[in-house]
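Colleague: Got a sequence here, can you model it:
(chains A and B)
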Amino acid sequence: MANMIMASSKVPISSPSPSPISKPRIPIQISIPKLPTLPKLSKSQILSLSSSLSVIAATSLSWAPPSLAEEIEKAALFDFDLTLPIQMVQFLLLMVALDKLYYSPLGKFMDERDAAIREKLGSVKDTSEEVKQLEQQGIAIMRAARAEISAALTKMKKETQGEVEQKLTEGRKKVEAELQEALNKLEEQKEETIKALDSQIANLSDQIVKKVLPL
Amino acid sequence: MNVLLCSIKTLEGLYDISGVEVGQHFYWQIGSFQVHAQVLITSWVVIAILLGSAIIAVRNPQTIPTDGQNFFEYVLEFIRDVSKTQIGEEYGPWVPFIGTMFLFIFVSNWSGALLPWKIIQLPHGELAAPTNDINTTVALALLTSVAYFYAGLTKKGLGYFGKYIQPTPILLPINILEDFTKPLSLSFRLFGNILADELVVVVLVSLVPSVVPIPVMFLGLFTSGIQALIFATLAAAYIGESMEGHH
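Modeller: Numbering: from 1, shown residues only, chains lettered A, B, ... in the order given. Sure, this is the predicted structure:
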């Protein structure tokens, strides 16, 4: 289209342009000797020149645009040909190749890794249960140990209490025995003193009788 | 004459600078058929990039992924996610199709925007994104059609065609029409977006060579990614739709 416009626009411009320039020159050169004859010749020459120039211009124009015109004529946006099936085959080959090189191996690798990580996570959960069991075991052991200790403590307390009581009873018995002895001794002394007093009382009564009776 | 030559030269110059070579192809003759060589060349480069990077990144997978492997694992997770949300639980066998669709379109689109294709001169036409050509997008769209037909037929056998009269038999023509509009819309959406994006960038560069085209270029990158995602998602959605059971 553009070339067509170019070609159409330039031909009319080219034909007038040479004639005004070439016309004055030749008359000026040959104006002094013969005016009527030469101008005619020159006119015809000029005409022929101008026509030839225009022809040249037209030919040059017609020579330049055809290549462009051909190019533009061939502007085929929707030009279906063998490229289409070739692209299909290429795409399918690329699909197979990428599947072999990329999707399958990397996908498999990723899936396996996911599975491994999941397994590890699962095993970690299991160990947490184990840890719980161990903790419970530990708590049970602690309980048993505490029970043992408290039992031993109570046992020891009982033993020491028994010993203490025994010693206490022993001490009490001793004290009682000593008391009894001391009491017995006191009793004996009392009886002795009573006996002594009896005899003294008899003496005194005798003396009192003696003193009273002589009067 | 001078004026003429000058004007022709300037016009040619402008033509060269703007370089909007829409729909011009570098043809190779194969037998009696023609192919668009520029599309094939760029698509080979894209395929080489994809395969090469995949080989390098996935060659020796580590349990704790390194940079490249990490990226590729992320991409694979993304593709799986897209497939799973669109297709459902039986997405496994379709991951290569959806993934290749996404990656091929994405790398193609971005190669058109990022790789300096213009450095390599072709005798005719120019190198651009492979998705810039209608052949590529129609090829991909037709493959999507084949894929969803295959998915439906393998899942449900001939009972798959029962979906054409599913709500009421009155919708039969519309249901049949859908099978034609799906690849048409898929291919033309991608083709139009990528072509328009490249044209906008080229025209803006020819008008204002500095700074101004940069945001449009970034917009183009964004659009390219979105288009790749849309194509892959829609392909997966069509496959999922043909596989799901009608109650």
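Colleague: Output the contacting helices and strands for the one helix or strand residue A:192 maps to.
Modeller: Applying DSSP states H and E as the criterion places residue A:192 in helix A:104-212. Applying 3 or more CB pairs under 8 Å, 6 or more residues apart in numbering or on different chains; DSSP states H and E, we find helix A:104-212 packed against helix B:67-87. All C-beta spots, glycine's among them, are computed from the backbone N, C-alpha and C.
Colleague: so where's chain A shaky on pLDDT?
Modeller: A:1-75, A:215 (pLDDT under 70).
Colleague: Could you check the angle the helix holding residue A:192 makes with helix B:67-87?
Modeller: Counting by axes from the mean of the first three to the mean of the last three CA atoms, to 10 degrees, helix A:104-212 lies at 100 degrees to helix B:67-87.
Colleague: gap between residue B:78 and chain A?
Modeller: 12 Å (CB to the nearest CB, to the nearest Å).
Colleague: Which residue is the nearest non-sequential neighbour of the residue most central in space within chain B?
Modeller: Closest to where the C-alpha atoms of chain B average out (CA atoms, centre = their mean) is residue B:105, at 3.4 Å. Distances taken as CB to CB, 6 or more residues apart in numbering or on different chains place residue B:228 nearest to residue B:105, at 4.0 Å, with adjacent residues excluded.
Colleague: Number of residues surrounding that neighbour?
Modeller: 23 (other CB atoms under 10 Å in any protein chain shown).
Colleague: Would you mark the buried spots in the helix or strand encompassing it?
Modeller: Applying DSSP H and E as the criterion places residue B:228 in helix B:213-243. For helix B:213-243, a neighbour-count test (16 or more other CB atoms under 10 Å in any protein chain shown) marks B:213, B:217, B:220, B:223-224, B:227-228, B:230-236, B:238-243 as buried.
Colleague: And that helix, what does it pack against?
Modeller: helix B:67-87, helix B:95-114, helix B:134-156, helix B:172-207.
Colleague: what's the average pLDDT for the second one?
Modeller: Meaning helix B:95-114. Helix B:95-114 shows a mean pLDDT of 90.
Colleague: just checking, what packs against it?
Modeller: Under the contact criterion of 3+ CB pairs under 8 Å, 6+ apart, helix B:95-114 touches helix A:83-98, helix B:37-58, helix B:67-87, helix B:134-156, helix B:172-207, helix B:213-243.
Colleague: between the ones you listed, which one is nearest to residue A:119?
Modeller: helix B:67-87 (19.7 Å; CB to CB).
Colleague: Just the C-alpha atoms of the closest one, please, in PDB.
Modeller: The C-alpha trace of helix B:67-87 is given here as PDB (Å, rounded to 0.1, in the frame of the first residue of the first chain):
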ATOM      1  CA  ASP B  67      19.500 -23.200  43.300                       C
ATOM      2  CA  GLY B  68      18.700 -24.700  39.900                       C
ATOM      3  CA  GLN B  69      17.000 -27.800  41.200                       C
ATOM      4  CA  ASN B  70      15.100 -25.600  43.600                       C
ATOM      5  CA  PHE B  71      13.700 -23.500  40.800                       C
ATOM      6  CA  PHE B  72      12.800 -26.500  38.700                       C
ATOM      7  CA  GLU B  73      11.100 -28.200  41.600                       C
ATOM      8  CA  TYR B  74       9.200 -25.000  42.100                       C
ATOM      9  CA  VAL B  75       8.100 -25.000  38.500                       C
ATOM     10  CA  LEU B  76       7.100 -28.600  38.700                       C
ATOM     11  CA  GLU B  77       5.100 -28.000  41.800                       C
ATOM     12  CA  PHE B  78       3.400 -25.100  40.000                       C
ATOM     13  CA  ILE B  79       2.600 -27.200  37.000                       C
ATOM     14  CA  ARG B  80       1.300 -30.000  39.200                       C
ATOM     15  CA  ASP B  81      -0.800 -27.500  41.100                       C
ATOM     16  CA  VAL B  82      -2.400 -26.100  37.900                       C
ATOM     17  CA  SER B  83      -3.100 -29.600  36.600                       C
ATOM     18  CA  LYS B  84      -4.500 -30.800  39.900                       C
ATOM     19  CA  THR B  85      -6.800 -27.800  40.400                       C
ATOM     20  CA  GLN B  86      -8.200 -28.100  36.800                       C
ATOM     21  CA  ILE B  87      -8.200 -31.900  36.200                       C
END
